[in-house]
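Chemist: Provided below for reference: sequence and predicted model.
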Amino acid sequence: MGNADYAYPSGMNVESVHRVAIPPPQPFFKSLKYSMKETFFPDDPFRKFKNQPASKRFMLGLQYFFPIFEWAPKYTLHFLKSDLISGITIASLAIPQGISYAKLANLPPILGLYSSFTPPLIYAMMGSSRDLAVGTVAVGSLLMASMLGRVVNFNENPKLFLHLAFTATFFAGVLQASLGLFRLGFIVDFVSHATIVGFMGGAATVVCLQQLKSILGLEHFTHEADLVSVMRSVFSQTHEWRWESAVLGCCFIFFLLVTRYFSKRQPKFFWVSAMAPLTSVILGSLLVYVTHAEKHGVQVIGNLKKGLNPPSATDLVFVSPYMGTAIKTGFVTGIIALAEGIAVGRSFAMFKNYHIDGNKEMIAIGTMNIFGSFTSCYLTTGPFSRSAVNYNAGCKTAASNIVMAIAVMLTLLFLTPLFHFTPLVVLSAIIVSAMLGLIDYQAAIHLWKIDKFDFLVCFTAYVGVVFGSVEIGLVIAVAVSLLRVLLFIARPRTFLLGNIPNSAVYRNVEQYPNANHIPGILILEIDAPIYFANASYLRERITRWIDEEEDRIKATEQTSLQYVIMDMTAVANIDTSGISMLEECKKTVDRRGLQLALVNPGSEVMKKLNKSKFLDELGQKWIYLTVEEAVGACNFMLHSYKPNPMKDESEGWNNA
């Protein structure tokens, strides 16, 4: 049976029920210290340093910043064999991808190889992921080309454009390392999964559209990245299209997609898809060399100089007006690179059941970009495609990045002349095949089924990138995501509770239509902390609940409303505006001749209600541990005492 007929046992009165305790006062600085610790150190990184001698603490600190000192002493020949195979496999993918993405960033192709040499070595020493394979990424390359290209034309002033790319990479690294050192990794969490799905899909679409220049063999092409500009540029030059280049490009795209499909269906043949880009480069170069296709409109890379990364620390630009552009570009690309790298690292760590430290990853990625900017590298992170190959190849430690770096080093020292005849259309085919995998339409469909608002965030990000620009799409998506956060805060949910038949349980009547209303009692649940941002809304919503309940009672001619119970179990905290809201609600309830009761306020809420004297105004007897006790007490008084005379008097005044 329900609690509508609840009565206290004989010998027990309403004063003997359990009361909500007021926690002992805590010093302000102790509470502040706890809040700061939970904000910046939720993973408790200092736990393993406790009760350790100084030498052990030094070694643990060294291992924290350089995890290589943790796994290197345990390294075995079996690990070496696995990492050697993985490293060579990802090198075969990194070399053509590096050259392709450098072209996408409007940078010399050799920079793609430079960026696959130094950063992986840094990450192997400092990274905590065993599976992340470091290198350049298409989205970061496109962002850098787009943002820097608005200030400096890479065709007219390639040297300044190159130096700005190094400077932007430096600032990206500084931002990333700073976020890790100051434990500010939670900032990246504001970029939601829906935002990333839409942004990545839009960026991949834009990247594919940009490749029409090489696939169609066009010499002049728009610098804009939006769909309308690209289509206008393509179809206004139909007389310039080269069928030879188009046929070659379509054939290689088909080849790369088929190999990927085969590797997905047969995971043990992962190496087929991994080797396909390098195979395409070799076949394309041989074809051009044999047929002299460069004389028939097929554009080639040209000369790539031999040698390892030249120093570039003195090339960084710290003067106006270019420094501002470099900082802006670095910060935007740095955040995107962090979001991708950490998400990829965590995904593969989950598959292998180990943990990676997000802040440690930020320090590692930031440090490798800082050092990269000093050694002629541009933005790098952990791309999904390369990391997936590394994972499938059976890597055991971050040493696979070292093997990849050595393979790239040998290429830089001895093999760069072999890329002279590599057709640009093959590089475009490699980019297109990689980008098609980033258009995750299945994730978008899933968002539509689960949460329409998340789908809206995803869709706005995609449309903003495709029809506006990469920056516009990102800003729109983040703005919509923040709007949702503000809506959650400013418009929290409140629920009307009813009693589940034959139980002492009270639940939301919308979710449980069979839940019974308790005659004379209105039970509300507030589902969020009460802050200045939502206090006014909650006051108005509670008043509306009371009005609606009184209207319902009049329509059904039930017992008049006497008590308002507010379940505050989900109210984790409250500020002074929230306390003022409760005081106003009490005055409103009093004016109507009703009685307010609170259920299970949390420790922080109780402390503040006690200090504000609200508990004295309300009375301790009107604060209960459970909804069941509150309803029982109210029912006991409903059946034991006459209706509140203030209620009758107020109704008399209203009727007059």
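Modeler: Happy to help now that I have it.

Chemist: So residue 506 is in contact with residue 624, correct?
Modeler: No - counting by C-beta atoms under 8 Å, residue 506 stays clear of residue 624, with 12.0 Å between them. No exception for glycine: its C-beta is placed from N, CA and C like everyone else's.

Chemist: what's the neighbour count on residue 502?
Modeler: Neighbour count for residue 502, taken as other C-beta atoms under 10 Å: 8.

Chemist: In three-state terms, how would it be classified?
Modeler: Three-state call for residue 502 (DSSP: H, G, I helix; E, B strand; the rest coil): coil.

Chemist: Quick check on residue 506 and residue 624: which one has the bigger neighbour count.
Modeler: The neighbour comparison of residue 506 against residue 624 (other C-beta under 10 Å) goes to residue 506, with 27 against 23.

Chemist: That one pairs with what?
Modeler: Under the criterion DSSP bridges, residue 506 forms beta bridges with residue 499.

Chemist: In contact with it, which residues?
Modeler: Residues near residue 506 by C-beta atoms under 8 Å, 6 or more residues apart in numbering: 497-500, 515, 523, 567, 627-628, 631.

Chemist: Just the buried ones from those, in PyMOL syntax?
Modeler: PyMOL command restricting the contacts of residue 506 to the buried ones, with burial defined by 16 or more other C-beta atoms under 10 Å:
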select buried, resi 497+498+499+515+523+567+627+628+631
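
Chemist: Go through the contacts of residue 506 and say which is closest to residue 558.
Modeler: Lowest distance from residue 558 to the contacts of residue 506 (C-beta to C-beta) belongs to residue 498, with 13.5 Å.

Chemist: out of the contacts of residue 506, which are inside helices?
Modeler: 627-628, 631 (DSSP state H).

Chemist: can you redo those as JSON lines with distance to residue 100?
Modeler: Converted to JSON lines, the ones in helices among the contacts of residue 506 look like this (distance: C-beta to C-beta, whole Å):
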{"residue": "627", "distance to residue 100": "62"}
{"residue": "628", "distance to residue 100": "66"}
{"residue": "631", "distance to residue 100": "68"}
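
Chemist: Just the closest of these to residue 437, please.
Modeler: Closest to residue 437, out of all of those and judged by C-beta to C-beta, is residue 627, at 51.2 Å.

Chemist: Not including adjacent chain positions, what is the nearest residue to the closest one?
Modeler: residue 506 (4.5 Å; C-beta to C-beta, 6 or more residues apart in numbering).

Chemist: how far away is the one you found from residue 78?
Modeler: To residue 78, residue 506 is 59 Å away according to C-beta to C-beta, to the nearest Å.

Chemist: just residue 218 next, same as before
Modeler: Residue 218 is 51 Å from residue 78, by C-beta to C-beta.

Chemist: same question, residue 253
Modeler: For residue 253, the distance to residue 78 - C-beta to C-beta - is 38 Å.

Chemist: go on, residue 29?
Modeler: 52 Å.

Chemist: In CSV, list the C-alpha atoms belonging to the helix or strand harbouring residue 170.
Modeler: Applying DSSP states H and E as the criterion places residue 170 in helix 158-181. This file holds the C-alpha atoms of helix 158-181, laid out as CSV (Å, rounded to 0.1, in the frame of the first residue of the first chain):
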residue,chain,number,x,y,z
PRO,A,158,56.9,31.1,-49.1
LYS,A,159,59.7,31.8,-46.7
LEU,A,160,57.6,33.9,-44.3
PHE,A,161,54.8,31.4,-44.6
LEU,A,162,57.2,28.6,-43.6
HIS,A,163,58.5,30.6,-40.6
LEU,A,164,55.0,31.4,-39.4
ALA,A,165,54.2,27.6,-39.6
PHE,A,166,57.2,27.0,-37.3
THR,A,167,56.1,29.8,-35.0
ALA,A,168,52.5,28.5,-34.8
THR,A,169,53.8,25.0,-34.0
PHE,A,170,55.9,26.5,-31.2
PHE,A,171,52.9,28.3,-29.6
ALA,A,172,50.8,25.2,-30.0
GLY,A,173,53.4,23.3,-28.1
VAL,A,174,53.6,25.9,-25.4
LEU,A,175,49.9,25.9,-24.9
GLN,A,176,49.7,22.1,-24.9
ALA,A,177,52.6,21.7,-22.4
SER,A,178,51.2,24.5,-20.2
LEU,A,179,47.8,22.8,-20.0
GLY,A,180,49.5,19.6,-18.9
LEU,A,181,51.9,21.2,-16.4
